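In: From the sequence below, what's the structure:
(4 chains)
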There are 2 protein chains.
Amino acid sequence: MPKVGMQPIRRRQLIEATLATIDEFGLADATISRIARRAGVSTGIISHYFEGRDGLLEATMRHILTDLGTAVNERRTRLGEAPPRAHLHAIIDGNFDRSQTSRSVMKTWLAFWASSMHHKPLQKLQRVNDRRLYSNLCAQFHRALPKHQARDAARGLAALIDGLWLRGALAPEGLNVERARRLAYDYVREQLAHGDTLAETTPRRHREMQPD
Amino acid sequence: MPKVGMQPIRRRQLIEATLATIDEFGLADATISRIARRAGVSTGIISHYFEGRDGLLEATMRHILTDLGTAVNERRTRLGEAPPRAHLHAIIDGNFDRSQTSRSVMKTWLAFWASSMHHKPLQKLQRVNDRRLYSNLCAQFHRALPKHQARDAARGLAALIDGLWLRGALAPEGLNVERARRLAYDYVREQLAHGDTLAETTPRRHREMQPD
DNA sequence: TTTTTTGTTGATTGACCGTTCAATAAAGAA
DNA sequence: TTCTTTATTGAACGGTCAATCAACAAAAAA
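Out: Numbers count the residues shown, from 1 in each chain, chains lettered A, B, ... in the order given. Down below sits the predicted model:
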């Protein structure tokens, strides 16, 4: 069976098996033996393609992160010059995309979150992602709100998204995606409404230049 | 040195050492050897007082949970018949109490969250706590909002609290407690404001009886 | 065909972990 | 004092895991 060009195939297989194994046993008990068995290969393959267990886990996190980035960006590029609210909704929708709300992915995310506090490479990946979410939200809110309001709105929405997501991962009934999106939309509406109130008394070009 | 009445002392010591060790090494690498060394005792003591590592970890989670319950209840009993907003603020303050926002406790909480998905005893503890937070919030919102609005407000606030808390645990600069409380207060204000708007058009006794 | 490259295996190895338990030490009871 | 209870130790044990690597298999190149 051995042939050339196996690398990308095996890598995908193993990442998929990693997600399924973490889903079933948890990160701590996702041994290379179990992962290899699930993927239908031997344990040696993992070291061969990923330089050990840690490399596989890091690649798995990178994979999820890439999916998240894609889910958000696909929706946003479709929008072009749409108003802030549309972009914020797109970011929310991307974060609650199907690729991010399956049980195995949510469990893996949570496990990586906890693990990233003591594991430098994962920490780096996780922080890049956190900042990306926050600064995207901040930029959109800032199109309608003064900077300090935009920052707080972004902080609040980022926390709300992560919180909904976390509680969905832990709840026995799983995440209700529709409801989560609605609650996040509502938050966006409230935050933008404050900007509108301000808009009635202050010309737009001035509001945009308000300090900090 | 051996004397009677060591049990409560050792238990406290070991739980404290567990928090510190998880803070430093993470849950997976918090071995009984490391915990015992930090507590200044031998490894055998852990099995003697907690029936093994799992027992110690469960006791540690219980300890944090008890502190959280105390932090919330102390503030609420002081309030008595205060308006919903005061109680909601008390619940928020309790969740951001000093006992819950130290680095070691936040890290341990997050580790337990992840672990609870595959460990039945921890899962039970975690769910009891989740439900308590949600139903407390729900009850207070329901004093001012129709039931389905109250439920969504409670779901949103619970997610916001957990999210702020999670992001605080992961952020390099730690949790800004003041800011987190302010963002949660703002959310409460917005949610209650919707009830007030409704109050202007619907008599209170009718609103309270709205279905679901 | 022979040789080389790529892919794959799985037993072995070395390290570490949680638990156990015989032994010990000190304090209180008799 | 002697006996009993409580507290504590830490070496030994059985088990598990990640990583390694010699050996093998099949395709591609010569």
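In: How about the contacts made by A:Ala180?
Out: Contacts for A:Ala180 were tallied using CB atoms under 8 Å, 6 or more residues apart in numbering or on different chains; they are A:96, A:164-165, A:168. For every residue, glycine as well, the C-beta is placed using N, CA and C.
In: Recalculate using a threshold of 10 Å.
Out: With contact taken as CB atoms under 10 Å, 6 or more residues apart in numbering or on different chains, A:Ala180 is in contact with A:92, A:95-96, A:101, A:160-161, A:163-165, A:167-168, B:155-156, B:159.
In: Show me the two of the residues you listed that sit farthest apart.
Out: Taking CB to CB as the measure, the contacts of A:Ala180 span a maximum distance of 17.9 Å, between A:Thr101 and B:Gly156.
In: okay, now the domains of chain A?
Out: Domain assignment for chain A by automatic domain parsing gives A:1-51, A:60-207.
In: gap between the first one and the chain center?
Out: With CA atoms, centre = their mean, to the nearest Å as the basis, the distance from the averaged C-alpha position of domain A:1-51 to the chain average is 23 Å.
In: next one: stretch A:103-110
Out: 11 Å.
In: Report the closest residue of chain A relative to chain B.
Out: In chain A, no residue comes nearer to chain B than A:Gly163, which is 2.7 Å away by CB to the nearest CB.
In: host element of the nearest residue to A:Arg132 once chain neighbours are set aside?
Out: Excluding its sequence neighbours, the residue lying closest to A:Arg132 (CB to CB, 6 or more residues apart in numbering or on different chains) is A:Gly69, at 7.6 Å. Assigned by DSSP states H and E, A:Gly69 falls within helix A:53-79.
In: and the helix or strand that that helix is followed by, how far out from the chain's middle?
Out: Proceeding N to C from helix A:53-79, the next assigned helix or strand is helix A:84-95, under DSSP H and E. Centre-to-centre, helix A:84-95 and its host chain are 13 Å apart (CA atoms, centre = their mean).
In: Pull helix A:84-95 out as PDB, backbone CA atoms only.
Out: C-alpha atoms of helix A:84-95 as PDB (Å, rounded to 0.1, in the frame of the first residue of the first chain):
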ATOM      1  CA  PRO A  84     -20.800  47.700  11.400                       C
ATOM      2  CA  ARG A  85     -23.700  45.700  12.600                       C
ATOM      3  CA  ALA A  86     -23.500  43.300   9.600                       C
ATOM      4  CA  HIS A  87     -19.800  42.700  10.200                       C
ATOM      5  CA  LEU A  88     -20.400  42.100  13.900                       C
ATOM      6  CA  HIS A  89     -23.100  39.600  13.000                       C
ATOM      7  CA  ALA A  90     -20.700  37.900  10.600                       C
ATOM      8  CA  ILE A  91     -18.100  37.600  13.300                       C
ATOM      9  CA  ILE A  92     -20.700  36.100  15.700                       C
ATOM     10  CA  ASP A  93     -21.900  33.700  13.000                       C
ATOM     11  CA  GLY A  94     -18.400  32.600  12.200                       C
ATOM     12  CA  ASN A  95     -17.700  31.900  15.900                       C
END
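In: Between helix A:53-79 and the next helix or strand after it, find me the angle.
Out: Going down the chain from helix A:84-95, the next helix or strand is helix A:103-116, by DSSP H and E. Interaxial angle, helix A:103-116 versus helix A:53-79 (axes from the mean of the first three to the mean of the last three CA atoms, to 10 degrees): 120 degrees.
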